[in-house]
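Asker: okay, here's the prediction I keep looking at, along with the sequence it came from:
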Amino acid sequence: MMSLRPREIRRLTAAEREKKLEELYNQLSSIRIQMATGGGTENPYRIKNVRKSIARILTIQREDELEEGNNE
């Protein structure tokens with residue numbers, strides 16, 4: 001999974017962002033379980049990339065919320 005770029009995230013609708021966020025949280029959970037059971041992961045930086053993608057989506061969602069608040 002490549003990390004999502006802000007430009008890509010901004011192109012998504014709010015519903016698509018929510019769906020992507022849910023997928024990323026599920027992926028993060030499965031990676032953590034895999035690490036806890038001693039299985040390791042094929043790419044040790046994968047957890048970092050997933051966490052950064054989650055943070056990017058949440059940041060852009062917050063920016064949109066603030067922008068909507070200013071327009072009202």
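Answerer: Yep, that arrived.

Asker: this protein: helices as residue ranges?
Answerer: Along the chain, counting by DSSP state H, helices occupy 6-11, 14-36, 46-71.

Asker: as JSON lines, the ones you listed with mean neighbour count and mean pLDDT would be great.
Answerer: In this view, the C-beta of every residue, glycine as well, is placed from N, C-alpha and C. Formatted as JSON lines, the helices of the chain follow (neighbours: other Cβ atoms under 10 Å; pLDDT from 0 to 100):
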{"stretch": "helix 6-11", "mean neighbour count": "12", "mean pLDDT": "93"}
{"stretch": "helix 14-36", "mean neighbour count": "13", "mean pLDDT": "93"}
{"stretch": "helix 46-71", "mean neighbour count": "13", "mean pLDDT": "92"}
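
Asker: give me the nearest residue to the one residue sitting closest to the centre of the chain, chain neighbours excluded.
Answerer: In the chain, the residue lying closest to the centroid (Cα atoms, centre = their mean) is Ile54, at 2.3 Å. Nearest non-adjacent residue to Ile54, counting by Cβ to Cβ, 6 or more residues apart in numbering: Leu24, 5.0 Å away.
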